[in-house]
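[1] sharing a model prediction with you, sequence too.
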Amino acid sequence: MNKKICFFCVGTGGHVLPVKNLVMKLLDFGVKPDDIIVVTDDRGKQYLKNLDINLNTIQIFVSNYGVIGYVLNLIKIIRTLFNVIKLLKNKNIGVVLTTGAYIAPIASIISVLYRAKFYIQEQNIYAGLGNKVSALFADKVFTSFEGTQNIKYKKIDYTGPIVNTTLNRSDIQRSQNQTIGFMGGSQGSDEINTYVNKFVKSDDNLDLNIIHITGKNKDNLIIESQNYQSIEFVNNMDEFYKEIDVLVGRAGGGSLEAAYLGIPQVLVPYKHGTTSSHQEFNAQYLEKKNFGFVAKNYDDLENFIEETIFKLKNNKLEIPNLPIGNEVIAKELYEQIN
């Protein structure tokens, strides 16, 4: 029986899309679809439904109260673990990889039970709790950023992020009419949606085209402008990236994809909940490396868009190249099962 690669990814696009991109690379390498297993939740499956692989959806308890919530609901977590063990029964798991969040500890336990190689892929410069704890069991931690700050672990391998590579920089052509893309991450953002409403109505921005990804169930803005187009959700981001000259958005996984494509960004990092510090650190790093600006408020946002457009029009803006980890990581996983 062939050894199988088992991925654990849940929640938002920032956690799930790297797995999708790795799976596509492994299929290119010749790995059989039956030898790839993905364990995800209801939110994650929407990003993976078009892949011809062994896709499994499970119910996973998510705490709104951090570690305390998980401790108080330990029985639910144990039940989830047993459901996963039952799901993977008689599977010859040779490699386990997780992209973190609340599924990471379960992935680490599965790797121990199956005596499988265990890998972590960390998307942020500041690792989440799930990856931080699970790193104790990992054979290697692949990082998207140089100097990931809070995983004190000797087997860290800086590879760069895992991104969608169906586009490259040569596919991104600057338009004559400057087009600004707004998006609030895979879940949408009320904050950014409010900024869009104000931005479109400003007389200073009448000559700009706006493409706005609102997020599911957040398309409640009434904006009347012939230069404004709203989309609730986008499964394939290629067309969106090809249309825009500047991206205004969060500092999660989408910001790394835009950086890879050389699209200048105005970053509005998420300021609440468990991912706030992650995005703040990501944004500071990307600004320091000249991939964009960090906007702390609406005035910053408008000024940075104006500055970016001016530099684009006058060929004074250079976005550095961003190394990516698709090939390196997929190759290591492939070698472990062959």
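    Received, thanks.

[2] in which helix or strand does the nearest residue to residue 310 once chain neighbours are set aside reside?
    Using C-beta to C-beta, 6 or more residues apart in numbering and skipping residues adjacent in sequence, the residue nearest residue 310 is residue 316, 7.8 Å away. No exception for glycine: its C-beta is placed from N, CA and C like everyone else's. Element membership for residue 316, per DSSP states H and E: none, as it lies in no helix or strand.

[3] could you do the one 5 residues further on as well?
    With the criterion set as DSSP H and E, no secondary-structure element contains residue 321; it sits in neither a helix nor a strand.

[4] that one: neighbour count?
    10 (other C-beta atoms under 10 Å).

[5] from residue 201, how far off is it?
    Separation of residue 321 from residue 201 (C-beta to C-beta, to the nearest Å): 37 Å.

[6] what does residue 263 give?
    For residue 263 relative to residue 201 (C-beta to C-beta), the value is 25 Å.

[7] more neighbours: these two, which one.
    Ranked by neighbour count (other C-beta under 10 Å), residue 263 and residue 201 place residue 263 first, with 21 against 13.

[8] for burial, what's the neighbour tally of residue 156?
    By other C-beta under 10 Å, neighbour count at residue 156 equals 18.

[9] leaving out chain neighbours, which residue sits closest to it?
    Closest to residue 156 by C-beta to C-beta, 6+ apart is residue 141, at 5.0 Å.

[10] that neighbour reaches residue 157, doesn't it?
    Yes: counting by C-beta atoms under 8 Å, residue 141 does reach residue 157; the two are 6.9 Å apart.

[11] the more surrounded of those two?
    residue 141 (23 against 14).

[12] where's that one relative to residue 159, distance?
    Distance from residue 141 to residue 159, by C-beta to C-beta: 10 Å.

[13] then residue 171?
    23 Å.

[14] so for stretch 31-49, mean pLDDT?
    The average pLDDT for stretch 31-49 rounds to 93.

[15] actually stretch 179-187, sorry about that
    85.

[16] alpha carbons of that stretch, as CSV, please.
    Extracted C-alpha coordinates of stretch 179-187, given in CSV (Å, rounded to 0.1, in the frame of the first residue of the first chain):
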residue,chain,number,x,y,z
THR,A,179,-8.0,50.3,-10.8
ILE,A,180,-8.0,49.9,-7.0
GLY,A,181,-9.0,46.5,-5.6
PHE,A,182,-10.4,46.3,-2.1
MET,A,183,-10.9,43.1,-0.1
GLY,A,184,-11.1,42.3,3.5
GLY,A,185,-9.6,38.8,3.6
SER,A,186,-11.5,35.6,2.9
GLN,A,187,-14.3,36.5,5.4
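
[17] who's in contact with it?
    Outside stretch 179-187, the residues that touch it by C-beta atoms under 8 Å, 6 or more residues apart in numbering are 12-14, 47, 189-193, 195-196, 199, 208-216, 218, 240-241, 243-250, 252-254, 270, 305.

[18] please redo it, this time with the cut-off set to 6 Å
    With C-beta atoms under 6 Å, 6 or more residues apart in numbering as the contact definition, stretch 179-187 has outside contacts at 12-13, 192, 196, 208-213, 215, 243-250, 252.

[19] now restrict those residues to buried residues only.
    The neighbour-count test (16 or more other C-beta atoms under 10 Å) applied to those identifies 12-13, 192, 196, 208-213, 215, 244-250, 252 as buried.

[20] now, which of those lie within helices?
    Among these, the ones falling in helices (DSSP state H) are 13, 192, 196.

[21] name the member of the residues you listed with the shortest distance to residue 25.
    Comparing these against residue 25 with C-beta to C-beta picks out residue 13 as the nearest, at 17.5 Å.

[22] re the thing from before, among the contacts of stretch 179-187, name the ones in strands.
    209, 210, 211, 212, 213, 246, 247, 248, 249 (DSSP state E).
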